[in-house]
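Participant: Below are the sequence and a predicted model for it; my questions follow.
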Amino acid sequence: MPASPGMTSGLTIRVGVIEEDASMRDKRGEVLQAEGVLVESAATGASAQVLLTQRTFDAVVSNLRLHQMTGLETLERLKPRFPDLA
């Protein structure tokens, strides 16, 4: 049986979405979920850091223009704990 969307060799893909705009955050989540991806969202870089300490993610999708902490700053702060993040 071929792997379904969001599955790789029977493993589920989990993606974190970081986006301040609620409608954009929801839309990104809906698109990923439609492909079978498990999605968890955060509205700020700070809340994303907390979320990433509670779960393991295969990828993170972030708005680069977050207000309190940019997407790049968020990734730089996460990199020591998650060196495979790009």
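Facilitator: Right, received. Where do you want to start? Numbers count the residues shown, from 1 in each chain.

Participant: can you give me the helices for the chain?
Facilitator: For the chain, the helices defined by DSSP state H cover 22-34, 45-54, 71-78.

Participant: Give the buried residues for the second one.
Facilitator: It stands for helix 45-54. If you call a residue buried by 16 or more other CB atoms under 10 Å, then helix 45-54 has these buried ones: 45, 48-49, 51-52. For glycine as for every other residue, the C-beta is placed from the backbone atoms N, C-alpha and C.

Participant: Compute the number of surrounding residues for the nearest residue to residue 63 once chain neighbours are set aside.
Facilitator: Here the nearest residue to residue 63 in space, its sequence neighbours aside, is residue 19; by CB to CB, 6 or more residues apart in numbering that works out to 4.8 Å. Using other CB atoms under 10 Å as the criterion, residue 19 is surrounded by 23 other residues.

Participant: and what of residue 29?
Facilitator: The number of residues packed around residue 29, counting by other CB under 10 Å, is 18.
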